[in-house]
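1. Quick one: sequence plus predicted model below, questions after.
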Amino acid sequence: MYRIALCDDNKEYLEQLEDKIHRFCEDHNIDILLQSFDDSDMLVESIEDKKMYDAYILDIEMPRYSGMEIAKKIKEYLKTPFIVFLSAYKKYAIEACGLEIFRYIVKSQLDVQMSLVLDEMFVRLSQQQNNDVYIINNQRRYIKLPQSDIFYIYKKQKNAFFVMDNGEEWERITLQEVYEKLNPLYMVMIDRGLIINIQHIKRISENQIEIDGGYKVSTSQKHIVELKNLLNIYWGKII
């Protein structure tokens, strides 16, 4: 299932947009959860609460928060979000390109362009989901973490904490359950309380592992030896 957020302050236009997307997905047998916002404040509040979506379709000109401002807010939490801008005018296109959005649709061309954009978007989303993305999905949050961006994962009480360059995320889950969802090529479980991304290891000395971002973690000498062996196997496969 893909989660799609729509935001347009024109309620009538928003309903038309919903109908077009639902009809496209029904015709192409695509399962979606579609959430509509006619108030940009509500969407921004959702983003700040880390209730994220797979794709965002945003009107540019809205009161309170413009589509441009919302896109910048989304990019604070997601590195490569799928964002489609809608506008009655072409004049924002250059600025929109600077935000590295997915597509820009002029509303007068919606009937022609929307199906093409949706088709390509869902193909790309499918590829992304199959390309090592870890998803935290519960009642409060929906977050997609590219596994390659995860430095390491540690256990604290009943939670797993994911450490990345831009901070930490957490999920109430056992580390073993986390590990079963990860790519075993480069994500390795050192012991019952620690999973490390081999790609981000900078140095190993005695019982300490130095990781990108200035992080350091410790483990037993036995696990250090095992990790060195895994590193040799990993580099042997990709060189």
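-> Alright, I've got the coordinates.
2. Every contact and neighbour count from this point should use C-alpha atoms.
-> OK.
3. could you give the mean pLDDT of stretch 198-206?
-> Stretch 198-206 carries an average pLDDT of 87.
4. May I see the buried residues of that stretch?
-> Within stretch 198-206, the residues that count as buried by 16 or more other Cα atoms under 10 Å are 198-201, 204.
5. pull the CA atoms of it into PDB?
-> The C-alpha trace of stretch 198-206 is given here as PDB (Å, rounded to 0.1, in the frame of the first residue of the first chain):
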ATOM      1  CA  ILE A 198      29.400  -2.300   7.500                       C
ATOM      2  CA  GLN A 199      29.500   0.500   4.800                       C
ATOM      3  CA  HIS A 200      29.800   3.100   7.600                       C
ATOM      4  CA  ILE A 201      32.600   1.600   9.600                       C
ATOM      5  CA  LYS A 202      35.700   3.800   9.600                       C
ATOM      6  CA  ARG A 203      38.100   2.000  12.000                       C
ATOM      7  CA  ILE A 204      38.200  -1.000  14.300                       C
ATOM      8  CA  SER A 205      40.600  -1.000  17.300                       C
ATOM      9  CA  GLU A 206      40.600  -3.400  20.200                       C
END
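6. Contacts for it, please.
-> 148, 151, 186-188, 209-212, 221, 224, 231 (Cα atoms under 8 Å, 6 or more residues apart in numbering).
7. Show me where the protein dips below the pLDDT cut-off.
-> 92, 94-98, 129-131, 139, 234-239 (pLDDT under 70).
8. spatially speaking, which residue is in the middle of the protein?
-> With distances taken as Cα atoms, centre = their mean, residue 144 lies nearest the centre of the chain, 3.4 Å away.
9. what's it in contact with, if anything?
-> Contacts of residue 144 by Cα under 8 Å, 6+ apart are 78, 133-136.
10. Among these, which lie within helices?
-> Judged by DSSP state H, those include no members of helices.
11. Using the three-state scheme, assign residue 64.
-> Following DSSP: H, G, I helix; E, B strand; the rest coil, we place residue 64 in the coil state.
12. now the one 5 residues further on
-> Using three-state DSSP, the structure places residue 69 in helix.
13. Tell me the spacing between it and residue 63.
-> According to Cα to Cα, to the nearest Å, residue 69 and residue 63 sit 11 Å apart.
14. what does residue 78 give?
-> In terms of Cα to Cα, residue 78 sits 24 Å off from residue 63.
15. ok, which stretches of the chain are helices?
-> Counting by DSSP H, the helices of the chain are 11-27, 40-48, 67-75, 93-98, 110-129, 175-179, 221-238.
16. Mind putting those into JSON lines with distance to residue 84 and mean neighbour count?
-> Formatted as JSON lines, the helices of the chain follow (distance: least, Cα to Cα, whole Å; neighbours: other Cα atoms under 10 Å):
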{"stretch": "helix 11-27", "distance to residue 84": "13", "mean neighbour count": "14"}
{"stretch": "helix 40-48", "distance to residue 84": "15", "mean neighbour count": "17"}
{"stretch": "helix 67-75", "distance to residue 84": "9", "mean neighbour count": "18"}
{"stretch": "helix 93-98", "distance to residue 84": "10", "mean neighbour count": "12"}
{"stretch": "helix 110-129", "distance to residue 84": "9", "mean neighbour count": "14"}
{"stretch": "helix 175-179", "distance to residue 84": "32", "mean neighbour count": "16"}
{"stretch": "helix 221-238", "distance to residue 84": "36", "mean neighbour count": "13"}
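17. Mind putting the ones you listed into TSV with distance to residue 162?
-> Below are those laid out as TSV (distance: least, Cα to Cα, whole Å):
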stretch	distance to residue 162
helix 11-27	33
helix 40-48	19
helix 67-75	19
helix 93-98	30
helix 110-129	18
helix 175-179	10
helix 221-238	19
